[in-house]
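[1] Turn this into a structure:
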Amino acid sequence: MAVETLTFGCRLNTVEAEVMRGLAEPTARGRDRVVVNTCAVTTEAGRQARKAIRRLHRERPDAEIVVTGCGAQIETAAYAAMPEVARLVGNGDKLSPAAWRPDANGARDAVGDVFAARHAEPTRIAGVAGHTRAFVPVQNGCDHRCTFCVIPFGRGHSRSVAPDAAIAQVRRIVAHGGREVVLTGVDLTAYGRDFSGAGESLGTLVLAILAAVPELARLRLSSIDSIEADDALMRAIGDEPRLMPHLHLSLQAGDDLVLKRMKRRHGRADAIRFCDAVRRLRPDAVFGADLIAGFPTETEDQFARSLDLVAECGLTHLHVFPYSPRPGTPAARMPPVAPEVVRVRAARLRAAGEAALLRHLDGEVGRSHRVLAERGGVGRTEGFTPVRIAAEPGTILDVTIAGHDGRALLAA
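    Numbering: from 1, shown residues only. Down below sits the predicted model:
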């Protein structure tokens, strides 16, 4: 019987779920087994995961529900208290074959110390079912301590996949027909810093992959911290057309004092300077960003600087998060913004993002793009803008843009 996975949260979780499926199926022994890969980035993420677990148990009372992910690692007691959960597997163990052996089922609530993990496990799968783009995790964990974030306590220390192993995984994907690979991680631009004296960085990895796998059509990066972008990465952005000109930035706010209280490592001017530098190298660059609305102590003037950053950085694709306090974090002890104000500011940021997207879509009409067709009648331009297109998934087509519907481009 096939093992089902239910995944919450990031792209890294999506890939890890596919790896766990392969590890868990041989040991399921005919049981109806569901692996729930949880997220803990917000309080709501945990609430949704626990709600889904209860629903699963009602619908399939005989299923063995195994819970793993950042929620299981950080909020162990909450998940261990759920009678619907058959077993917990910690983040440090979930990609180990030993965790899924039948003799590993003895300790129901055993979740190990994720900070003991010192190596990032490479994935060895050809892709993720239902996804045209293939994600390759090359980094895990985080050594930073942003005041709003619990993820380092779910993922442990920053650690990188060896370059040779990352290249081998990209080759595996391409050999199975993959056209586009996305490098992903928890703190992607920290890649290579745990290698002793090797001089490795995200930029050197990107250049090495493109040189070693010339048949790879397109390479993308998931969310990056712009202040950590190294010279080799900037060189790849300027010189390598197969590195797609879309960067999603972990910005979080546009006011320097708020950024300081968040314990971010960049300032407002750094973000603007980075976007300007990238556009000089790649005039067709498109930026997305994560932004938090209503961080504790945020005044109206400080929030306005986040709104202004959308235009000043030229952001197109926004991920807006209403601030959600996480117990145990420094930000949770700061003076909060009223919940209604948080909701209104999040809505204003989303409206600014929708207006920016419309301006971007208007500017694309009449232009030509190479579009990778995905499932569901949609494709993506080099800049990650969606295009309504009817084509075989995985096909790359030259397309002229005739218009848009407010959400996606329309092919001529």
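[2] which residue sits closest to residue 150, ignoring its sequence neighbours?
    Counting by CB to CB, 6 or more residues apart in numbering, residue 150 lies nearest to residue 326, which is 4.8 Å off, once chain neighbours are set aside. All C-beta atoms are positioned from the backbone trio N, CA, C, and that covers glycine.
[3] residues in contact with that neighbour?
    Contacts for residue 326 (CB atoms under 8 Å, 6 or more residues apart in numbering) come out as 40, 42-43, 148-150, 332.
[4] of those residues, buried ones?
    40, 42, 148-150, 332 (16 or more other CB atoms under 10 Å).
[5] Those residues into a markdown table, with extra columns for secondary structure?
    Below are the buried ones among the contacts of residue 326 laid out as a markdown table (DSSP: H, G, I helix; E, B strand; the rest coil):
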| residue | secondary structure |
| --- | --- |
| 40 | coil |
| 42 | coil |
| 148 | coil |
| 149 | coil |
| 150 | coil |
| 332 | helix |
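[6] Closest to residue 3 out of the residues you listed?
    residue 40 (22.6 Å; CB to CB).
[7] and stretch 54-64, how far apart are its ends?
    By CA to CA, to the nearest Å, the extent of stretch 54-64 from end to end equals 12 Å.
[8] Which residues belonging to it are considered buried?
    Buried, per 16+ other CB under 10 Å, within stretch 54-64: 56-57, 63-64.
[9] repeat for stretch 384-404
    384-389, 391, 393-394, 399, 401, 404.
[10] average pLDDT across it?
    For stretch 384-404, mean pLDDT rounds to 95.
[11] hmm, who's touching that stretch?
    By CB under 8 Å, 6+ apart, stretch 384-404 touches 132, 177-179, 217-218, 220, 244, 246, 286, 288, 316-317, 360-362, 364-375, 377-381, 405, 407-412.
[12] Hmm, residue 357 is touching residue 317, no?
    Yes - counting by CB atoms under 8 Å, residue 317 is a contact partner of residue 357 at 7.0 Å.
[13] Do you know the pLDDT at residue 272?
    At residue 272, pLDDT is 98.
[14] Then residue 131?
    69.
[15] about what we covered before: a markdown table for the buried ones among the contacts of residue 326, including pLDDT and distance to residue 278?
    Shown next, in a markdown table, are the buried ones among the contacts of residue 326 (pLDDT from 0 to 100; distance: CB to CB, whole Å):
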| residue | pLDDT | distance to residue 278 |
| --- | --- | --- |
| 40 | 89 | 31 |
| 42 | 85 | 29 |
| 148 | 96 | 26 |
| 149 | 95 | 25 |
| 150 | 93 | 30 |
| 332 | 96 | 34 |
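[16] Output the residues you listed in CSV; the columns should cover distance to residue 80.
    Below are those laid out as CSV (distance: CB to CB, whole Å):
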residue, distance to residue 80
40, 15
42, 21
148, 25
149, 23
150, 18
332, 23
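[17] of those, closest to residue 240?
    Using CB to CB, those come closest to residue 240 at residue 149, 31.3 Å.
[18] ok now do the closest one, which residues does it touch?
    With CB under 8 Å, 6+ apart, residue 149 has these contacts: 41, 142, 326, 329.
[19] Make sure the second one is indeed in a strand.
    This means residue 142. No - counting by three-state DSSP, residue 142 is located in no strand; its state is coil.
[20] dump the residue contacts of it.
    149, 151-152, 155, 158, 186-187, 190.
[21] what do you get if the cut-off is 6 Å, keeping everything else the same?
    Going by CB atoms under 6 Å, 6 or more residues apart in numbering, residue 142 touches 152, 158, 186-187.
[22] what does residue 3 give?
    21, 24-25, 28, 33 are the contacts of residue 3 under CB under 6 Å, 6+ apart.
[23] And it, its phi and psi?
    For residue 3, the backbone dihedrals (degrees, to the nearest 10) come out as phi -80, psi 130.
[24] Distance-wise, check it relative to residue 95.
    Counting by CB to CB, to the nearest Å, the separation of residue 3 from residue 95 is 15 Å.
[25] now swap in residue 322 and tell me
    Distance from residue 322 to residue 95, by CB to CB: 32 Å.
[26] Kindly report the same for residue 197.
    Taking CB to CB, one finds residue 197 at 27 Å from residue 95.
[27] shaky segments in this protein?
    1, 102-108, 126-131 (pLDDT under 70).
[28] out of the buried residues of stretch 384-404, which one sits closest to residue 87?
    Nearest member of the buried residues of stretch 384-404 to residue 87, counting by CB to CB, is residue 393, at 35.7 Å.
[29] gap between that closest one and residue 378?
    Where residue 378 is concerned, residue 393 sits at a distance of 10 Å (CB to CB).
[30] what does residue 143 give?
    37 Å.
[31] One more: residue 408?
    From residue 408 to residue 378 the distance is 7 Å (CB to CB).
[32] can you check residue 144 too?
    The value you get for residue 144 to residue 378, if CB to CB is used, is 35 Å.
[33] For this structure, just list every one of the helices.
    Applying DSSP state H to the chain gives helices spanning 11-24, 43-59, 70-74, 76-80, 151-155, 163-175, 202-212, 231-239, 256-262, 268-281, 300-312, 339-364.
[34] most packed of these?
    helix 70-74 (a mean of 27; mean count of other CB atoms under 10 Å).
[35] How far does it sit from its chain's centre?
    Between the centre of helix 70-74 and the centre of its chain there are 17 Å (CA atoms, centre = their mean, to the nearest Å).
[36] Could you list every helix and strand that it packs against?
    helix 151-155 (3 or more CB pairs under 6 Å, 6 or more residues apart in numbering; DSSP states H and E).
[37] for the helix it packs on, packing partners?
    Using 3+ CB pairs under 6 Å, 6+ apart: helix 151-155 touches helix 70-74.
[38] CA atoms of the helix it packs on as PDB?
    Output of helix 70-74 as PDB, limited to C-alpha atoms (Å, rounded to 0.1, in the frame of the first residue of the first chain):
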ATOM      1  CA  CYS A  70       9.300  21.600  12.400                       C
ATOM      2  CA  GLY A  71       6.000  21.400  14.300                       C
ATOM      3  CA  ALA A  72       6.900  17.900  15.700                       C
ATOM      4  CA  GLN A  73      10.400  19.200  16.600                       C
ATOM      5  CA  ILE A  74       9.400  22.500  18.200                       C
END
